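S.K.: okay, predicted coordinates and the sequence, questions at the end:
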Amino acid sequence: MLTLRAVQLDQDVPLAPLTTLGVGGGAQYFRRASSEAELIEAVRWADRHRVSLYVLGGGSNLVVSDAGVTGLVLQVDIRGVRLVPDGDVTHLQAAAGEPWDDVVRRAVAENLAGLECLSGIPGRVGATPIQNVGAYGQDVSETITEVRCFDRRRDELVTLHSAECAFAYRDSRLKSAEPDRFVVLEVRYRLERDGAPTLRYAELERALGSEAPTLAEVRRTVIELRRKKGMVVDPADADTASCGSFFVNPVVEASHAARIEAEFPGETMPRFAAPGGLVKLSAGWLIERAGLVRGTVRGRAGISSKHALALTALPGARARDVVDLAREVRRAVETRFAVRLVPEPVCWGFASLDDRLPDDRVC
């Protein structure tokens, strides 16, 4: 433990065990903050000393370079959930360090609709407004009303209302427009008491097979579907040594989607309507049609045997193994379909990124 001007920091802390992918080097400095005061103290120390700051939650959407991270890794471990009834709705306020699936479980147990399709997703609450976490037809942007943050630019606590977060598909102001400005402390969700579950996703509807499923039935079914795809963290399942979905489902012009579909007569191409008349395609479907099927292995990294969208780290893997495979996947899809896949995980410790993926010269 190192004490620097009253801020206690650990040094040379391995980061691989703190991620679901399980690869990468260590942190030069590390602090676990279990209170807002500890978090703000550490952030101010980093800013005052011009040390790079990396905010860590559950590590489920993260690739750390083999060289590790130069700077301060701050793990947010602030806990607490509060329910505030307000007529037909209930506001659920959750601290950034709360495990996400625990919050969803609590909402469903209280018969609060709005998060049920997001069951089984690893990570912590603080990441949800950054990534605009979504699955099975539901996004957190539909229920988030406020995000309480520490604003590094203004050096003060602020509350961002939903419209100020500029939510988009798997994106937000906190992720893209101003990625280093805000550190999330608490998120407020507006949930409907005794509301009906969200049923917009064909796969989920087919699996339910019920005309009026309960929130609990939807949650249970979503977890079962995710488990079959290796998307529920399980130490006994090698396919879950991953970041979950490695690439975002691409959105293309309708004419482009039609050209791709025409190449596969007699096959139904997964496609979903997107704003502006665009079409969202299945990245996993494109990856397999580009020749990289489930179970493909390259060195110590592979494509999940359950879902082509997940890249897995095999025993002894390095970050470079995973990144090299990710680049191969992106090249194959771009060459075959003229669609450029964008990675979903955040990459730390790499000298430069090429459209969010580490450049092959800096791995």
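M.R.: Arrived safely, thanks for sending.

S.K.: per-domain residue ranges of the chain.
M.R.: The chain resolves into domains spanning 8-76, 81-228, 238-358 when parsed by automatic domain parsing.

S.K.: may I see the ones you listed organised as a markdown table, with mean neighbour count and mean pLDDT added?
M.R.: Just so you know, the C-beta spots here come from the backbone N, C-alpha and C atoms, and that holds for glycine as well. Shown next, in a markdown table, are those (neighbours: other C-beta atoms under 10 Å; pLDDT from 0 to 100):
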| stretch | mean neighbour count | mean pLDDT |
| --- | --- | --- |
| domain 8-76 | 19 | 97 |
| domain 81-228 | 19 | 96 |
| domain 238-358 | 18 | 95 |
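
S.K.: just the CA atoms of the top strand by length along the chain, as CSV, please.
M.R.: Longest strand in the chain by number of residues (criterion: DSSP state E): strand 182-193. Only the C-alpha atoms of strand 182-193 are listed here, as CSV (Å, rounded to 0.1, in the frame of the first residue of the first chain):
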residue,chain,number,x,y,z
PHE,A,182,-18.0,11.9,-15.9
VAL,A,183,-17.6,9.2,-13.3
VAL,A,184,-21.0,7.5,-12.6
LEU,A,185,-22.0,7.3,-8.9
GLU,A,186,-25.7,6.4,-9.0
VAL,A,187,-28.4,5.7,-11.6
ARG,A,188,-32.2,6.2,-11.2
TYR,A,189,-34.6,4.0,-13.2
ARG,A,190,-38.3,4.6,-13.6
LEU,A,191,-40.1,1.2,-13.4
GLU,A,192,-43.8,0.4,-13.8
ARG,A,193,-45.3,-1.3,-10.8
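
S.K.: tell me which stretches of the stretch 101-250 of the chain form strands.
M.R.: 112-113, 134-135, 138-139, 144-151, 156-161, 182-193, 242-245 (DSSP state E, counting those that start in this stretch).

S.K.: strands paired with the fourth one, and their directions?
M.R.: Each strand pairing with strand 144-151, determined using DSSP bridges, is listed with its direction: strand 156-161 (antiparallel), strand 182-193 (antiparallel).

S.K.: got TSV for those, with distance to Val108 too?
M.R.: Formatted as TSV, those follow (distance: least, C-beta to C-beta, whole Å):
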stretch	distance to Val108
strand 156-161	26
strand 182-193	10
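
S.K.: just how off-centre is the longest strand of the chain within its chain?
M.R.: How far strand 182-193 lies from its chain's middle: 16 Å, per C-alpha atoms, centre = their mean, to the nearest Å.
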